[in-house]
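**Student:** I need the structure of the sequence given here:
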Amino acid sequence: MALLLDNCGRAETAGAARGNFWWVGCIDVQINAALRARPLDRKQLTQIADWAAVAVAVSLPWSTSATSILVVVWLLALLPSEDWGLLRQELETPAGGLPVLLVLFGVAGLFWADVSWAERFGDFARFIAC
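**Tutor:** Sure thing, here's the model as predicted:
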């Protein structure tokens, strides 16, 4: 009997019967090898995030479901490509930090209000929009 190599590099006997799901492990090995061979770099992720943001803007008038899905895609592409040191440096400047601080004060103010939660969030949305 001759020995052959299958797609995953395992030796098998020619004509031998295989298990029912032999290909599952093989596909897993191939996908992992492909991901290790060429990981996405920051430039590619940034470009994907940019196009996902465009897709979110385009989908806004038509579908809330598509918009929600595209926002998740955008976040998944944006978060790994974000330069967190640069973001922290920007938040330490007055122009970057004061708006964030103002929103945090607004969120803290939600807990002191003596009205229903619906009214709190409605007023907070008007506060943020102004």
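
**Student:** So the chain: which segments form each domain?
**Tutor:** 3-37, 41-82, 85-130 (automatic domain parsing).

**Student:** Tell me where the chain has strands.
**Tutor:** Using DSSP state E, the strands of the chain run over residues 3-5, 11-13.

**Student:** Would you single out the least confident of these?
**Tutor:** Per-stretch mean pLDDT for the strands of the chain is lowest at strand 3-5 (a mean of 47).

**Student:** Contact partners for Ala66?
**Tutor:** Ser59 (Cβ atoms under 8 Å, 6 or more residues apart in numbering). In this view, the C-beta of every residue, glycine as well, is placed from N, C-alpha and C.

**Student:** residues in contact with stretch 80-90?
**Tutor:** By Cβ under 8 Å, 6+ apart, stretch 80-90 touches Arg42, Leu45, Thr46, Ala49, Gly96.
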